[in-house]
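[1] Output the structure for:
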Amino acid sequence: MSLLRYANTDEQENALSNLIEWAKNANFKISYGTSIGKSPQSIVIDHKYQDGMIYVNRDGDIKIDGEIVSNEDDFIEAIKK
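    Got it, this is the predicted structure:
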């Protein structure tokens with residue numbers, strides 16, 4: 001599965017690339033992703049079945065359970081909660 005196919009902006013593509021790398025390094029499973037909104041505006045990524053744990057907005061912001069993460073350390077801290 002390539003989440004990059006959902007990217008609608010360069011910022012989303014860069015954020016998704018980072019997210020994929022961080023998840024791989026943390027041995028964190030991403031099970032599915034989809035896009036939502038008109039443009040689409042956001043990408044929703046599931047860790048477990050339809051949990052919508054991760055959002056990637058058009059501007060490249062990554063949110064895990066509503067908390068913005070901007071680097072691998074933030075990502076690891078957010079997934080441990």
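
[2] quick one: secondary structure of residue 59?
    Counting by DSSP: H, G, I helix; E, B strand; the rest coil, the backbone at residue 59 sits in coil.

[3] I would like the residues contacting the longest helix anywhere in the chain, please.
    Scanning the chain for the longest helix, with DSSP state H as the assignment, gives helix 10-25. Contacts to helix 10-25, defined as C-beta atoms under 8 Å, 6 or more residues apart in numbering, come from residues 3-4, 6-7, 28-30, 43, 45, 54, 56-62, 72, 75-76. Quick note: C-beta positions are derived from backbone N, CA and C, even for glycine.

[4] which outside residues touch the helix or strand following that helix?
    Downstream of helix 10-25, the next assigned helix or strand under DSSP states H and E is strand 32-36. Under the contact criterion C-beta under 8 Å, 6+ apart, strand 32-36 has outside partners 1, 3, 6, 8, 42-46, 50.

[5] what comes up buried for strand 32-36?
    Neighbour-count burial for strand 32-36 flags 33, 35 (criterion: 16 or more other C-beta atoms under 10 Å).
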